[in-house]
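1. Could you work out the structure for the sequence below:
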Amino acid sequence: MSIRTKHAVIHKSESRGLANHGWLVSRHTFSFAAYHNPDRINFGALRVLNDDIVKPGKGFGTHPHDNMEIVSIPVSGALAHKDSTGREQVIRTGEVQIMSAGSGIYHSEYNYSKTDDVNFLQIWVFPKERNINPRYDQRDFSAELKSNKLITVVSPVDNTALWINQDAEFIFGNLISNTSVTHELRFKGSGIYAFLVEGEAKINDVFLNPRDAAGFFDLREITIDVLKDSTILLIEVPKYY
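-> Sure, this is the predicted structure:
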C-alpha cells in the first residue's frame, strides 16, 4: 500500500514485500524478484531498495548485472564482496560501496562473519549513460557520520563522495533528538526519497518510524525534524525515468 499526499508518496515499513529464504530475510520497498506490486515499481530513477539480513557465512553467489548503479550500505555487520573487475573487499558499518555494472559485471556478496548476521541496504539506480566500463569503489564515512550532520556519500559532482553515473545523490546521517535540518535538492527536476533506518522523525508533514520511507516531489527542499535519535538515508534522483 502507498499513501499519497500532494507532494509525497509514503511507504510504511510493514507494507514492504517480504522474502524469507532462511539464510536471507529481505524486505523489498519496490517490486523485486517474486514480489510484484504495480504501484511500487520505482521512484523516478530509484529502482530497488532492499533491506537484507544475511545469516553468518551465507550470501549471494556469483551472478551478473548490467546497466545499473548498485549501492550497498551495511547497517550492522560486514559484507564480503568479490567481482569480475578483480576487486575483493570487505564492507563494514560506516562504509558505503558503489558498483557501476555498466556493460556487464559478475559479483558475489557474502556475510563476512561466521557468527553474526549482517544487515545491509542494497539500492539500485538506473544509470545516466549505458554500457560504460564497469567500475567499483567504496569509502569509509564513519568519522563524518559522528558529526550530527547530513553527509553526502554518493554524488557525481561532490569529490568527497563516491562517484555515480547519474544525476543522483545519497545523503546519510546519524542525527540526535531535537535536531532540525533543512536539505536543499541539488539537481533541477529531481525528487528525493527518504528512508528512516532507525529512530523517529518528521519530514515536512510526514511522520516516519523505523524503516518507513517517503518520496517527495515538486519541492526544492525538505525539512527534517528529529523526534528521537535517528539514522536517515536520503536519495535524490531524476523524477521521471
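2. and residue 4, what does it touch?
-> With contacts defined as CB atoms under 8 Å, 6 or more residues apart in numbering, residue 4 is in contact with residue 10. C-beta here means a position set from N, CA and C on the backbone, and glycine is covered the same way.
3. switch the cut-off to 6 Å
-> Residues touching residue 4, when contacts are defined by CB atoms under 6 Å, 6 or more residues apart in numbering, are absent altogether.
4. Relative to residue 48, how far out is it?
-> Distance, residue 4 to residue 48, using CB to CB, to the nearest Å: 21 Å.
5. try residue 177
-> 31 Å.
6. same question, residue 66
-> Applying CB to CB, one obtains 14 Å for the distance of residue 66 from residue 48.
7. How about residue 239?
-> 17 Å.
8. coming back round to it: more neighbours, residue 66 and residue 48?
-> A side-by-side neighbour count of residue 66 and residue 48, using other CB atoms under 10 Å, places residue 48 first with 19 against 13.
9. Help me confirm that that one comes into contact with residue 125.
-> No: because the distance of 8.5 Å does not satisfy CB atoms under 6 Å, residue 48 is recorded as not touching residue 125.
10. Which strands or helices does the biggest strand by length in the chain pack on?
-> Longest strand in the chain, counting residues (DSSP state E): strand 221-238. Applying 3 or more CB pairs under 6 Å, 6 or more residues apart in numbering; DSSP states H and E, one finds that strand 221-238 contacts strand 169-175, strand 180-184, strand 190-203.
11. Rebuild these as TSV, extending it with mean pLDDT.
-> Conversion of those to TSV gives the following (pLDDT from 0 to 100):
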stretch	mean pLDDT
strand 169-175	97
strand 180-184	97
strand 190-203	98
